[in-house]
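Okay, structure incoming, though there's no sequence with it:
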């Protein structure tokens, strides 16, 4: 409470001090000028020293100067300040009467100007009237006719005083208005500056509270801010004092250092904007941490470069979790291959028996075919989890995609009936392609299976085959729940599953569409999707066609 009162009274005390200082300085100027005139009288007209007006005028000037120095003018009502210029007018009039030849009446300009600058128009007019009246009354005791020599004191000086008073008053009003406007602007700027300081402080506190590093720099590429998380990361890995980024970082393999110009911080300072660049910190063989970096360019209102910001997020746990997941998937897939291989071996032996009934042989053939497909899926899962970057092995031969689609639709009729979904095919043309038939069957099977699993009850799935001059389109349209727009860009990412898929009863690993798209791309085609929420989705796979009189022969095989 006391501190607030003291702060509020400080500007008031300063204002009072300024008022007292202005009064004293103005009075000292008038007093000094009057003393100069008296010294001139002493030199040029010593007889005037015997004039009583000179004594009373000089005494009044000293009294006014003492009052100006001793009275706290800033603490008393402002109206009392008018007594000083009025007293000066009287003192100057008395000094002038003692020696009219020196034209000391010109000094009346100073107190009149004082009144014009510091008081209202009434006070200024009263001061001018008093000065003019004293000038004119000084001629009464002489009783001599007014001549041309008196024109200056009787006419020109009053006009001069009126002009000075009017001009001074107008200038003072304009100055006060400008001062008030400047004070308003100053208060506005001070308020804006205080608000900016508070916002800057809040921003710093927020950025220091987050768990990711933030580095900002200006248009001169000078670092202006490093938050607490970034400084903590630097300290954890023993970065040199004064560093703002880790001097040595490694690429995704954890062992290859980034080139100087490829360092994320160097790229950000060069004015590049990028997302999700992963770097590893820490020497190989020792503790390492992974950071995902993103950079943005800052521009001013004119669009000119104004600096940038680099965000560094620790993703070590996420990457380690992905690696652990891949290891688990790879281990499980590896363990599944052995029993599947054994099952297929015994089924193959069983098929060689000559005394099998046709019905039993058919069931064994179906089991063997599905075992082959299951083994291929497990192999793909193992390959995808290994992160080796190698493509799926494929053997390209000339085959009819229409027959592959028809066989897949027939095989999925049972699944469609179980889900109360109508499955139809619209494929009346042949479509000869150079492809791996097993892989293309895998593509069609996966798309049809998804269309059935994520469809609504009593829904519909339509499989269309559209041959063209150079490509053939396979469209799988469903009447399911649709795919949200924010998921469309990631639906083909490995291990990614939409929120609706995660909450549904349908199980999945998030690898099916990723592998499906890779297979289609390996065939020189493309896999795309269009969807509308509540209406359904359409997956379209395109594969290049082979001319009827050319292309690969059925017995010509190409393995990749």
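The structure has been received and is ready for your questions. Since this is a predicted model, take the numbers as computed values, not measurements.

where in the chain is pLDDT low?
Applying pLDDT under 70 to the chain flags the ranges 1-17, 100-102, 138-153, 326, 329-334, 380-392, 494-511, 547-560.

Could you list the domains of it?
Annotated domains of the chain cover 9-186, 213-314, 320-386, 395-559 [automatic domain parsing].

Tabulate these (TSV), appending mean neighbour count and distance to residue 205.
For glycine as for every other residue, the C-beta is placed from the backbone atoms N, C-alpha and C. Below are the domains of the chain laid out as TSV (neighbours: other C-beta atoms under 10 Å; distance: least, C-beta to C-beta, whole Å):
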stretch	mean neighbour count	distance to residue 205
domain 9-186	16	28
domain 213-314	16	10
domain 320-386	14	31
domain 395-559	17	32
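
Adding distance to residue 202 as columns, could you present these in JSON lines?
Converted to JSON lines, those look like this (distance: least, C-beta to C-beta, whole Å):
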{"stretch": "domain 9-186", "distance to residue 202": "24"}
{"stretch": "domain 213-314", "distance to residue 202": "13"}
{"stretch": "domain 320-386", "distance to residue 202": "34"}
{"stretch": "domain 395-559", "distance to residue 202": "31"}
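
what about the longest helix in this structure?
Counting residues, the longest helix found in the chain (DSSP state H) is helix 157-209.

other SSEs contacting the helix or strand just after it?
Using DSSP states H and E, the helix or strand that follows helix 157-209 in sequence is strand 213-217. Counting contacts by 3 or more C-beta pairs under 8 Å, 6 or more residues apart in numbering; DSSP states H and E, strand 213-217 packs against strand 223-226, helix 228-236, helix 264-269, strand 305-314.

Strand partners (parallel or antiparallel) of strand 213-217?
strand 223-226 (antiparallel), strand 305-314 (antiparallel) (DSSP bridges).

So which of the ones you listed is nearest residue 534?
strand 305-314 (35.7 Å; C-beta to C-beta).

for the closest one, the distance to its chain's centre please.
Distance, stretch centre to chain centre, for strand 305-314: 10 Å (C-alpha atoms, centre = their mean, to the nearest Å).

helices and strands around the following helix or strand past it, which ones?
The C-terminal neighbour of strand 305-314 among helices and strands, as given by DSSP H and E, is helix 316-351. The helices and strands touching helix 316-351, judged by 3+ C-beta pairs under 8 Å, 6+ apart, are strand 289-299, helix 358-386.

How about the contacts made by the most centrally placed residue in the chain?
With distances taken as C-alpha atoms, centre = their mean, residue 298 lies nearest the centre of the chain, 7.8 Å away. Residue 298 sits next to 305, 306, 307, 308, 309 when contact means C-beta atoms under 8 Å, 6 or more residues apart in numbering.

again, 7 Å this time
Residue 298 is in contact with 306, 307, 308, 309, counting by C-beta atoms under 7 Å, 6 or more residues apart in numbering.

Kindly report the same for residue 30.
With C-beta under 7 Å, 6+ apart, residue 30 has these contacts: 88, 110, 111.

Ok, which of the helices and strands packed on strand 213-217 comes nearest residue 418?
Of all the helices and strands packed on strand 213-217, strand 305-314 sits nearest to residue 418, with 44.9 Å by C-beta to C-beta.

tell me the angle of the closest one relative to helix 157-209?
Angle of strand 305-314 versus helix 157-209, following axes from the mean of the first three to the mean of the last three C-alpha atoms, to 10 degrees, is 30 degrees.

And for strand 305-314, what's in contact with it?
For strand 305-314, using C-beta under 7 Å, 6+ apart, the contacting residues are 212-219, 230, 264-265, 268, 271, 289, 291-300.

next one: stretch 446-461
408-409, 412, 415-416, 419-423, 463, 476, 478-481, 501, 504, 506, 512, 516, 539.

cutoff 8 Å now
Contacts for stretch 446-461 (C-beta under 8 Å, 6+ apart): 408-409, 412, 415-416, 419-424, 463, 474, 476-481, 500-501, 504, 506, 512-513, 515-516, 536-537, 539, 541.

Mind checking which of the residues you listed are in strands?
422, 423, 424, 463, 474, 476, 477, 478, 536, 537, 539, 541 (DSSP state E).

so what's the first one closest to, chain neighbours aside?
It stands for residue 422. Ranked by C-beta to C-beta, 6 or more residues apart in numbering and with sequence neighbours excluded, the top spatial neighbour of residue 422 is residue 460, at 4.7 Å.

sorry, back to before: closest one to residue 197 among the domains of the chain?
domain 213-314 (14.9 Å).

if I look at the residue nearest to the centre of the chain, how far off is residue 478?
In this view, residue 298 and residue 478 are 46 Å apart by C-beta to C-beta, to the nearest Å.

dump the residue contacts of residue 422.
Counting by C-beta under 8 Å, 6+ apart, residue 422 makes contact with 416, 458, 459, 460, 461.

Mind putting the helices and strands packed on strand 213-217 into a markdown table with distance to residue 345?
Below are those laid out as a markdown table (distance: least, C-beta to C-beta, whole Å):
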| stretch | distance to residue 345 |
| --- | --- |
| strand 223-226 | 63 |
| helix 228-236 | 54 |
| helix 264-269 | 53 |
| strand 305-314 | 49 |
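
so which of the ones you listed gets nearest residue 546?
helix 264-269 (45.4 Å).

and the next element down the chain from the closest one?
strand 274-281.

Report all helices and strands that that next one contacts.
Under the contact definition 3+ C-beta pairs under 8 Å, 6+ apart, strand 274-281 sits against strand 249-250, helix 264-269, strand 289-299.

For the residue lying closest to residue 212 once chain neighbours are set aside, list each beta-bridge partner.
Distance criterion C-beta to C-beta, 6+ apart; nearest residue to residue 212, sequence neighbours excluded, is residue 313 at 4.2 Å. Taking DSSP bridges, one finds residue 292 as the beta-bridge partners of residue 313.

Kindly provide the distance from residue 313 to residue 322.
On the measure of C-beta to C-beta, residue 313 and residue 322 end up 15 Å apart.

again, but for residue 134
In terms of C-beta to C-beta, residue 134 sits 101 Å off from residue 322.

Equivalent analysis for residue 135, please.
Per C-beta to C-beta, residue 135 is found 102 Å from residue 322.

quick revisit: tell me the angle the longest helix of the chain makes with helix 228-236.
Using the same axes, to 10 degrees: helix 157-209 against helix 228-236 is 50 degrees.

Against which helices or strands is helix 157-209 packed?
helix 109-118, helix 121-137, helix 228-236.

Quick one, which of these gets closest to residue 341.
Judging the helices and strands packed on helix 157-209 by C-beta to C-beta, what sits closest to residue 341 is helix 228-236, at 48.0 Å.

Residues contacting the closest one, please?
208-215, 243-246, 281, 289, 291, 312, 314.

let's go with 10 Å and repeat that
Here helix 228-236 makes contact (C-beta atoms under 10 Å, 6 or more residues apart in numbering) with 204-205, 207-215, 226, 239-247, 281-282, 287, 289, 291, 310-314.

Work out the gap between that helix and the centre of the chain.
From the chain centre to the centre of helix 228-236 is a distance of 23 Å (C-alpha atoms, centre = their mean).

do stretch 393-404 as well
Distance, centroid of stretch 393-404 to centroid of chain: 52 Å (C-alpha atoms, centre = their mean).

For that stretch, measure first residue to last.
End-to-end distance for stretch 393-404: 19 Å, by C-alpha to C-alpha, to the nearest Å.

go on, stretch 242-255?
Rule used - C-alpha to C-alpha; the end-to-end distance of stretch 242-255 is 25 Å.

sorry, back to before: name the nearest of the contacts of residue 30 relative to residue 26.
Nearest member of these to residue 26, counting by C-beta to C-beta, is residue 110, at 8.0 Å.

dump the residue contacts of the closest one.
Contacts of residue 110 by C-beta under 10 Å, 6+ apart are 26, 27, 29, 30, 33, 34, 85, 88, 89, 92, 164.

Surely residue 244 is within a strand?
No. Counting by DSSP: H, G, I helix; E, B strand; the rest coil, one finds residue 244 to be coil, located in no strand.
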